[in-house]
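>>> Attaching a predicted model along with its sequence, questions to come.
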Amino acid sequence: REEAIEVARTAAHECGYALAVHGSMERDVDLVAVPWVEAAEGPAYVAETISSALPGGGHINGPAEIKPHGRMAWSIIPLGRDPHDEHPWYIDLSVCMPMGDAFDAIQAAEAREAALRAALVKADHLLDGRPTTGPAKDDGALREVAWTRVERAHDVTQAALAALADNPSPEGEA
């Protein structure tokens with residue numbers, strides 16, 4: 001098990017991650033990979049790299065499972081483990097997502113929110129001169145629904161920014 005951990009640690013480091021052992025190591029080896037450099041690879045690439053680097057290779061047992069806080073988890077069966085081992089073990093790998101992905105997603109959400117807000121302001125100006133009766137009488141309701149959507153987009157963006165403020169990415173640490 002110790003050899004597998006060291007090989008996994010080296011593979012994770014090559015992907016820009018620090019690797020920590022977590023748990024008792026009785027029935028499985030719990031590993032947690034945390035992005036450590038600006039240009040860290042994606043979680044799936046890290047799992048594949050660790051699996052293929054194991055002595056004898058490894059078999060990723062199924063698709064990733066999404067865990068709390070965006071962690072992605074895989075079970076990896078080391079193919080080079082002792083076949084006579086009374087207690088067959090496996091690796092339970094959790095990989096944290098690089099915050100750069102989250103920052104990119106928030107910037108995209110902010111851009112969409114700004115574009116939606118600008119379009120609705122323009123629509124408001126166009127609607128200002130319309131009559132409030134006849135075919136255009138529902139414009140007020142449509143305007144209210146549209147602004148409610150902008151407010152929801154703004155709330156989601158603000159909540160995501162607040163979450164990132166509570167868990168900032170360590171810039172420049174290696």
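Arrived safely. Numbering: from 1, shown residues only.

>>> ok, and what's touching stretch 79-97?
1, 4, 8, 17, 23, 25-35, 42-43, 46-47, 50, 54-59, 61, 67, 69-78 (C-beta atoms under 8 Å, 6 or more residues apart in numbering). Using the backbone N, CA and C atoms, a C-beta is placed for each residue, glycine as well.

>>> Same question for that stretch: list its buried residues.
Using 16 or more other C-beta atoms under 10 Å as the test for burial, stretch 79-97 gives Arg81, Trp89, Tyr90, Ile91, Asp92, Leu93, Ser94, Val95, Cys96, Met97.

>>> Lys122: which of the residues you listed is nearest?
Taking C-beta to C-beta as the measure, Lys122 lies nearest Met97 of these, at 36.4 Å.

>>> That closest one: what secondary structure?
Under DSSP: H, G, I helix; E, B strand; the rest coil, Met97 falls in the coil class.

>>> now the helices: where do they sit in the protein?
For the chain, helices defined by DSSP state H occupy the ranges 2-14, 43-53, 99-127, 139-166.

>>> what angle separates the third one from helix 43-53?
By that I understand helix 99-127. 160 degrees (axes from the mean of the first three to the mean of the last three C-alpha atoms, to 10 degrees).

>>> Mind listing what's buried along helix 99-127?
Met99, Ala102, Ile106, Ala109, Glu110, Glu113, Leu116, Arg117.

>>> Could you list every helix and strand in contact with it?
With contacts taken as 3 or more C-beta pairs under 8 Å, 6 or more residues apart in numbering; DSSP states H and E, helix 99-127 sits against helix 139-166.

>>> And for the second one?
Using 3+ C-beta pairs under 8 Å, 6+ apart as the contact definition, the elements that helix 43-53 packs against are helix 2-14, strand 28-35, strand 58-60, strand 72-78, strand 90-95.

>>> can I get the ones you listed in CSV with mean pLDDT?
Output for the helices and strands packed on helix 43-53, formatted as CSV (pLDDT from 0 to 100):
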stretch, mean pLDDT
helix 2-14, 92
strand 28-35, 92
strand 58-60, 87
strand 72-78, 89
strand 90-95, 91
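
>>> So Ile77 versus His84, what's the distance?
According to C-beta to C-beta, to the nearest Å, Ile77 stands 16 Å off from His84.
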